[in-house]
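In: how would this look folded up:
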Amino acid sequence: MVSLTKMNKKGGFVDLFVFMIISFILLMFSGVFIYIGTQTETVLHEKLVEDPVFDFANVNESDVLDNTIDKFNSSLTLLYWLVVMIMGGMIMSIFIGSFLVQTKPIFFVAYIFIVMIATVVSVALSNGYERIISTPEMVSSFEGFTAANYIMINLPVWIVVIGMVGGIIMFSQIGSKDSYAYSGY
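Out: Below is the predicted model:
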């Protein structure tokens, strides 16, 4: 069995950027799917139920729509929690990855610069996200993402906290029993 500390993982410095980008893209796709689903349901109800174009024999279009599109839209509410769980999983993977990284203490300065750059990038992402979700067309699609909206609107704070905790975890192992990895043996 291979020990987790012997994995020789060298990454961990770009995890904050991956977290920001994947979270932003995941929220955008989820919000757009919900928007498309509600718009499709509205248009189909207008066209098929209120203004029937086709005369189907003994078919209630409203029941058909309720059993198909309405159930699909109801299943999309799962995205509200799924997105938050994926974001939480990425945060946990940053912490676990920081624990498994064996790095030299000199890289602490570089890590601080990376966290600062990630914070600046997160400000732009947060402002862009806030502008997108505040448009009148998208308000109803994104209002269910309560926890994810909180994380994305306060993304700079989250990035600083996650980056600093990850850095503390990564660089606090310097005096541990695995310090032989730094000596080059």
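
In: Let me see the contact set for the residue positioned nearest the centre of the chain.
Out: In the chain, the C-alpha nearest the mean C-alpha coordinate belongs to Ser23, at 2.4 Å (Cα atoms, centre = their mean). Applying Cβ atoms under 8 Å, 6 or more residues apart in numbering, we find Ser23 in contact with Val83, Ile86, Met87, Met90, Ala148, Ile151, Met152. C-beta coordinates here come from the backbone N, C-alpha and C atoms, glycine included.

In: Tell me the first helix or strand C-terminal of the helix or strand harbouring it.
Out: Assigned by DSSP states H and E, Ser23 belongs to helix 15-44. Downstream of helix 15-44, the first helix or strand assigned by DSSP H and E is helix 61-67.

In: Ile91: neighbour count?
Out: The tally of other residues near Ile91 (other Cβ atoms under 10 Å) stands at 19.

In: Show me what the worst-scoring helix or strand of the chain on mean pLDDT is packed against.
Out: Within the chain, no helix or strand scores below helix 61-67, which has a mean of 75 by mean pLDDT, DSSP states H and E. Here helix 61-67 touches no other helix or strand, going by 3 or more Cβ pairs under 8 Å, 6 or more residues apart in numbering; DSSP states H and E.

In: going forward can the numbers begin at 816, since that is how I track them
Out: Will do, 816 is the new start, and the previous item becomes helix 876-882.
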